[in-house]
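Q: Below: sequence and its predicted model.
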Amino acid sequence: MSEMKNVAHSMVETYHIIKPIDLNSANRLYGGTLMGWIDEVAVLVARKHAQMSVVTGSVTNLKFLHGAYLRDTIVLNGKATFVGNTSMEVKVETSVEHINGKRELINIAYFTMVGLDENDKPAKLPGLLLETEEDREEWEHARQRRELSRKMN
């Protein structure tokens with residue numbers, strides 16, 4: 001598959017309202033619940049871009065910036081930031097959306113997703129068309145994270 005797709009093609013935005021079942025013993029959003037929501041968004045982004053099955057290969061970064069609480073509205077925004085041969089990086093930003101519509105960033109995560117063929121083997125992904133300066137900056141930062149990860153392994 002050699003088709004190029006732009007970043008906007010696979011962007012995903014999801015919403016959740018924090019319920020009592022989502023809280024930890026400190027009455028904050030349980031980190032594991034948020035991680036599950038983030039992983040789901042990363043999968044949705046990667047599937048839209050790749051148009052095939054995908055799996056999570058790794059989490060390069062998962063940074064909790066602030067807590068979230070009962071009845072908060074959580075907004076997750078995901079987008080592709082880098083595409084290699086069979087893997088891609090997906091950035092997911094999580095915010096609390098306040099009643100007035102303003103958003104406060106509470107989490108940033110970077111996932112490496114791998115495309116799979118019908119035999120569950122890594123498959124070639126479509127390229128990523130970089131149209132904006134932000135796209136190019138995200139690509140460069142992702143390339144640097146990828147290079148650092150390779151050096152560490």
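A: Done, it's in.

Q: What ranges does this protein have for its helices?
A: 31-50, 133-152 (DSSP state H).

Q: Mean neighbour count, those: which tops it?
A: Mean neighbour count (mean count of other Cβ atoms under 10 Å) peaks for helix 31-50 among the helices of the chain, with a mean of 20. In this view, the C-beta of every residue, glycine as well, is placed from N, C-alpha and C.

Q: which strands and helices sit next to the lengthiest strand in the chain?
A: Longest strand of the chain, by residue count under DSSP state E: strand 103-116. For strand 103-116, the packing partners by 3 or more Cβ pairs under 8 Å, 6 or more residues apart in numbering; DSSP states H and E come out as helix 31-50, strand 53-64, strand 73-83, strand 87-97.

Q: give me that answer again for 10 Å
A: Helices and strands touching strand 103-116, as assessed by 3 or more Cβ pairs under 10 Å, 6 or more residues apart in numbering; DSSP states H and E, comprise helix 31-50, strand 53-64, strand 73-83, strand 87-97, helix 133-152.

Q: Let me see the mean pLDDT of that strand.
A: The pLDDT scores in strand 103-116 average 97.

Q: Give me the buried stretch members for that strand, please.
A: By neighbour count with 16 or more other Cβ atoms under 10 Å, strand 103-116 contains the buried residues 106-107, 109-116.

Q: R28: which of the residues you listed is nearest?
A: Nearest to R28, judged by Cβ to Cβ, of these is I106 at 10.3 Å.

Q: need the contact list for the closest one.
A: Contact partners of I106, counting by Cβ atoms under 10 Å, 6 or more residues apart in numbering, are 29, 34, 63-68, 72, 74-75, 93-96.

Q: What angle do helix 31-50 and the longest strand of the chain make with each other?
A: 60 degrees (axes from the mean of the first three to the mean of the last three Cα atoms, to 10 degrees).
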